[in-house]
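# Take a look and give me a structure for this.
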Amino acid sequence: MAYFLATFVFMLVVIAIMAIGVIFGRRAIKGSCGGANNGNCVCVKKCDKRKALEAQAEEQDVILSDLIKSEGK
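Got it, this is the predicted structure:
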């Protein structure tokens, strides 16, 4: 029971410190853009890394579609 209480108090302290950091930092807690969800971005404003990733994917799509068109001729 002592371990449970010690862990519970520790977690409360950690949450309180994070809350104080958010209050004084005036920024919302946010996740990373991409990551574990297969790169699906839910960010409102896309970061530079995400923009570069989308540009690279679009370039690959263009190359692939050009390749498919050239094989059909």
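
# Give me the pLDDT value at residue 37.
Listed pLDDT for residue 37 reads 52.

# wait, residue 4
Model confidence at residue 4, given as pLDDT, is 95.

# can you tell me the helix or strand for it?
According to DSSP states H and E, residue 4 maps onto helix 2-25.

# which helices and strands sit right next to that helix?
Under the contact criterion of 3 or more CB pairs under 8 Å, 6 or more residues apart in numbering; DSSP states H and E, helix 2-25 touches no helix or strand at all. Where C-beta positions appear, they are placed from N, C-alpha and C, glycine not excepted.

# For residue 1, the count of nearby residues, please.
For residue 1, the neighbour count with other CB atoms under 10 Å is 5.

# so where's the chain uncertain?
The chain contains residues with pLDDT under 70 at 26-44, 72-73.

# how near is residue 25 to residue 60?
Distance of residue 25 to residue 60, given as CB to CB, to the nearest Å: 38 Å.

# Look up how far residue 62 lies from residue 48.
In terms of CB to CB, residue 48 sits 21 Å off from residue 62.

# likewise residue 10?
53 Å.

# cool, and residue 5?
60 Å.

# before we move on, what about residue 14?
Residue 14 sits 48 Å away from residue 62, going by CB to CB.

# next one: residue 45
From residue 45 to residue 62 the distance is 25 Å (CB to CB).

# who's more crowded, these two?
Taking neighbours as other CB under 10 Å, residue 45 and residue 62 compare with residue 62 leading, 9 against 6.

# Enumerate every residue touching the more buried one.
With contacts defined as CB atoms under 8 Å, 6 or more residues apart in numbering, residue 62 has no neighbours.

# Which of the helices or strands spans it?
helix 48-72.
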